[in-house]
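Novice: From the sequence below, what's the structure:
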Amino acid sequence: MATFTERMAPVLVLWLAVFLSGTWAVDKGNFKTCDQSSFCKRQRALKPGESPYRALLETMELTNTRLTLQLINDNNKVRLLLELYRLQGNMTRVKINELKPLKPRYEVPDVLIREPPTEPLSLLSQDENGVVLSLGAESQRVILSARPFRLDIMEGRDVVMSLNSRGLLAFEHLRMRKDTFSYKVTSTVASVWNNIKRVFSSSQADPEAEKKEEADPAAQPEAAKEEEKDEDGMWEETFKSHTDSKPNGPSAVSLDFSLPGVEHVYGIPEHADTLRLKTTENGDPYRLYNLDVFQYELYNPMALYGAVPVMLAHNAQRTTGVFWLNAAETWVDISSNTAGKTVFGKMLDYVQGSNETPQTDVRWISESGIIDVFIMLGPTPKDVFSQYASLTGTQAFPPLAAVGYHQCRWNYNDQEDVAAVDAGFDEHDIPYDYIWLDIEHTDGKRYFTWDPHKFATPKEMLQGLSDKKRKMVAIVDPHIKVDSNYKIHNEIRSRSFYIKNKDGGDYEGWCWPGSAGYPDFTRADMRDWWASMFAYNQYEGSMENLDTWNDMNEPSVFNGPEVTMHKDAMHGAWEHRDVHNIYGFYVQMATAEGLIQRSGGVERPFVLTRAFFAGSQRYGAVWTGDNAAEWEHLKISIPMCLSLGLVGISFCGADVGGFFKSPNTELLVRWYQTGAYQPFFRAHAHLDTPRREPWLFGPENTALIREAVRQRYTLLPYWYLQFYHAHRTGEPIMRPLWVEYPEDPATFALEDEFLIGRDLLVHPVTEEGARGVTAYLPGKDQVWFDVHTFQKHNGAQNLYIPVTMSSIPVFQRGGSIIPRKIRVRRSSSCMMQDPYTLYVALNLQRTAEGELYIDDGHTFNYEKEFIHRRLSFANNVLSSVNLAPEAQFLTGSWIERIVILGASKPSKVLLKTDDGQESQVEFDFDASMSVLTLRKPGMNAGADWNVMLQ
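Specialist: Numbering: from 1, shown residues only. Predicted coordinates for the structure are as follows:
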């Protein structure tokens, strides 16, 4: 007889299908505002003013690696321990915790790739008001003020950043609940002890004794502290029908940062909002709390699927960053003294000689944990990327196939459907690398299984794809069907690997399978076991060309508060509230490790995740979640991915065409044209939408989509090089213009165009019915070439570009060399040995530089077996020089064409190879466009050579 869970699962899924198809907008009432989140409301009620915290300078200890001292809250006498570190690479770390907490407070593990190496701190001066510490460089120092406590980071006479300058440091200490027996006993004993001390104390107070007592936290009994009144929500909180028991009581932490001279701040994804973060004084703060938000609303600070607590601040002189390492629910308030001022108002200030320095103030508020903040002092954007990468690692280097096109929907029905879609791409001459299977491919939503009727022979299906050098991704979600006949569930339960509820039993919630358990991925042994399940002898039907998609890993709990897990669920000693934002990070970590292990550590994995945290870049790709087939959703995909790239997560994309609703043909084509120039390129659609494979919209639209996808494939050598750089440096692949032009204020708020690496500028068409777009081409004394027409344009101008439905405005920077492969085949693997065409775009100095990177495209051998060459053009000589002579790799690819933009006509062209041989090269010259094309020079892509124009 079927269990209750098995009987109810179809009812739940039917209800969800009706719910999801019956409405197309987020129900904001399902998600908390700051006023409905008691700790946010409490902390936000504190207004700027003099801080109650002061530094007890007599407790200061300075070693070669750190400074420690105690802070005291003069209102309640609770003491905190401040730790300050100077880190290698121009960073400062500040940690604040309770000096003597009732129990340990959560400190986030596993996100940092190592304990950050320190550099010596030295004391420059000290008096009763504070201390001054050197940060290495002669002009860079930290001023620690004692009363009230405040930190200022200085460079010369300039304040780079201030902490607690607005007095908003708050640290809710752990305490016993007043109505408990243990609290009453403790209070009574403390009261008696105080009375005894008063009886025996002398009438003449000893000032030295008082000073000693103040410096000794043990001399501060609990009852001596100022009585703090309990407020609503401190010990229990109800939202809708859910009650959070809060056994540890209030535990929030908060700190403010002031950024003089700054008007532009970025980061803290994930939000469906502008690239430049807005001020929040007249609304909610930005929320960081991983949530399954059904068709999210645009241009607001609501939380979405992932949370990276990193903010960048930029002006024309400097870029800095703040990394707030806390995995609990977090809110970020932003205010500015220039917010709301019109351009006219700013001009008026200038004319009237107003000397008010622009300033942005940021306040971080987290529900639990400690304050652990890394201040990245730049000073350039790329310095900040390097600093953050040294803390949390860089983007995983994906297999080349993952950089190609991905075809997905919820769901391809069966193996015959997969084969038909695969054949459709061949029939219509559209390349692709991965086809995807959503939850319906499983046996009753039991992950690591296949539907025995629809996908009866998965290896046969995978082999058919492999024969064409294509791959598949199958979904594996972290909610496990509660079913005694399901091996995965039985093993997790027998090993006690499930998250527990507050009463100690296995936590259960509703998700796609019906009643589900949630593995505790914060446990290393659980992650090891999960990884082992991807072995070919465990995951039946899997093969080496099957990769993985982790969805619903916020975690999503359909019947939980805010569609997620109860905060008082337990991960060992820690509440879920402490670890919530890091759960998805751990799911992707364990999955990626499983894919690596199954190949014996040889093959690079590909794992897509919906939920993420700082450091998730080390494990794969992310996408922007359940978007909609609307023009505004197409537009917002650009700032959303730009924001992710700024905080280390370069492998980002949005569902092409929109997940919900059905796009008209114009929107679908424009989305393909945009997606082809974003790092992760996948079409995806909801179960209830009509089919939308690229050839279903008539021959004309099929041709337009084919051309967009083919542009992606011709540029794969350049894309792959950008992923290599991101992996090596932490720099974003898809980047805002201000990253490369940091002194140009015209770039600071641009979000409808972007750069891929340094050398390609893309301005997608994202307006319905557009007949033209205006692109800003940056760089004084710079030129840009239209990649389609080779027309040259000067930099530092707004250029109007007429567009048709076939237009994708893309420009190559003068001074760059970009490799392409013009022969597009059915997949990236089929193009591995194909020849290269080099596009050399000359700058005003008639020089250009670029790189060529080649490896096997799929293994970890790239660490020692690869080709990395510097391509440079100067003095009419184009040369290829080996950047990695110690690396060994052979390629069959050769250079079949060189196109030089902005060239003059030579009388002849000579090729000189590394063996000293010289030969003439055939060429054509288009005088009207100044384009020189060298035909079939024929040298191996991995060789040294020089091409001389005479």
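
Novice: So which bits of stretch 26-39 are buried?
Specialist: The neighbour-count check on stretch 26-39 (16 or more other CB atoms under 10 Å) flags 26, 31-34, 36-39 as buried. Backbone N, C-alpha and C define where each C-beta goes, glycine included.

Novice: Contacts for it next, please.
Specialist: Stretch 26-39 has contacts (CB atoms under 8 Å, 6 or more residues apart in numbering) with 40-41, 44, 172, 231-234, 237, 239-240, 250, 252, 284-285, 287, 291, 293-297, 302-303, 329, 331, 365, 367, 562-563.

Novice: residues in contact with I370?
Specialist: Residues in contact with I370, defined by CB under 8 Å, 6+ apart, are 95-97, 105-107, 253, 326.

Novice: Greatest separation within those residues: which pair is it?
Specialist: The span of the contacts of I370, defined through CB to CB, is set by I96 and Y106 at 13.9 Å.

Novice: where along the stretch 551-700 of the chain do the helices fall?
Specialist: 576-579, 583-598, 631-646, 665-675, 699-714 (DSSP state H, counting those that start in this stretch).

Novice: Ok, which of these comes nearest R691?
Specialist: helix 665-675 (12.1 Å).

Novice: Give me the residues contacting the closest one.
Specialist: 629-631, 634, 637-638, 653-654, 656-658, 663, 681-683, 692, 694, 697-698, 701, 704-705, 708-709, 764-766, 768-769, 805, 808.

Novice: Relative to the whole chain's centre, how far out is that helix?
Specialist: Mean-position distance between helix 665-675 and its chain equals 24 Å (CA atoms, centre = their mean, to the nearest Å).

Novice: between it and helix 699-714, how many degrees?
Specialist: 10 degrees (axes from the mean of the first three to the mean of the last three CA atoms, to 10 degrees).

Novice: Grab the nearest non-local neighbour of D256.
Specialist: Closest residue in space to D256, ignoring its immediate chain neighbours: L168 at 3.9 Å, by CB to CB, 6 or more residues apart in numbering.

Novice: so the one you found makes contact with V253?
Specialist: No. The pair L168 / V253 is not scored as a contact, 11.0 Å apart, by CB atoms under 8 Å.

Novice: Ignoring the adjacent residues along the chain, who's closest to N413?
Specialist: N413 sits nearest to K454 (CB to CB, 6+ apart), 6.5 Å away.

Novice: Check which residues of stretch 409-423 are buried.
Specialist: For stretch 409-423, by 16+ other CB under 10 Å, it's 409-412, 414-415, 417-419, 421-422.

Novice: Dump these to JSON lines, plus secondary structure, distance to T449 and pLDDT.
Specialist: Shown next, in JSON lines, are the buried residues of stretch 409-423 (DSSP: H, G, I helix; E, B strand; the rest coil; distance: CB to CB, whole Å; pLDDT from 0 to 100):
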{"residue": "R409", "secondary structure": "coil", "distance to T449": "20", "pLDDT": "98"}
{"residue": "W410", "secondary structure": "coil", "distance to T449": "18", "pLDDT": "98"}
{"residue": "N411", "secondary structure": "coil", "distance to T449": "15", "pLDDT": "96"}
{"residue": "Y412", "secondary structure": "coil", "distance to T449": "16", "pLDDT": "98"}
{"residue": "D414", "secondary structure": "coil", "distance to T449": "15", "pLDDT": "98"}
{"residue": "Q415", "secondary structure": "helix", "distance to T449": "15", "pLDDT": "98"}
{"residue": "D417", "secondary structure": "helix", "distance to T449": "18", "pLDDT": "98"}
{"residue": "V418", "secondary structure": "helix", "distance to T449": "17", "pLDDT": "98"}
{"residue": "A419", "secondary structure": "helix", "distance to T449": "21", "pLDDT": "98"}
{"residue": "V421", "secondary structure": "helix", "distance to T449": "22", "pLDDT": "98"}
{"residue": "D422", "secondary structure": "helix", "distance to T449": "22", "pLDDT": "98"}
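
Novice: Export those residues as JSON lines, with columns for distance to T591.
Specialist: Output for the buried residues of stretch 409-423, formatted as JSON lines (distance: CB to CB, whole Å):
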{"residue": "R409", "distance to T591": "22"}
{"residue": "W410", "distance to T591": "19"}
{"residue": "N411", "distance to T591": "20"}
{"residue": "Y412", "distance to T591": "21"}
{"residue": "D414", "distance to T591": "25"}
{"residue": "Q415", "distance to T591": "24"}
{"residue": "D417", "distance to T591": "25"}
{"residue": "V418", "distance to T591": "22"}
{"residue": "A419", "distance to T591": "27"}
{"residue": "V421", "distance to T591": "25"}
{"residue": "D422", "distance to T591": "25"}
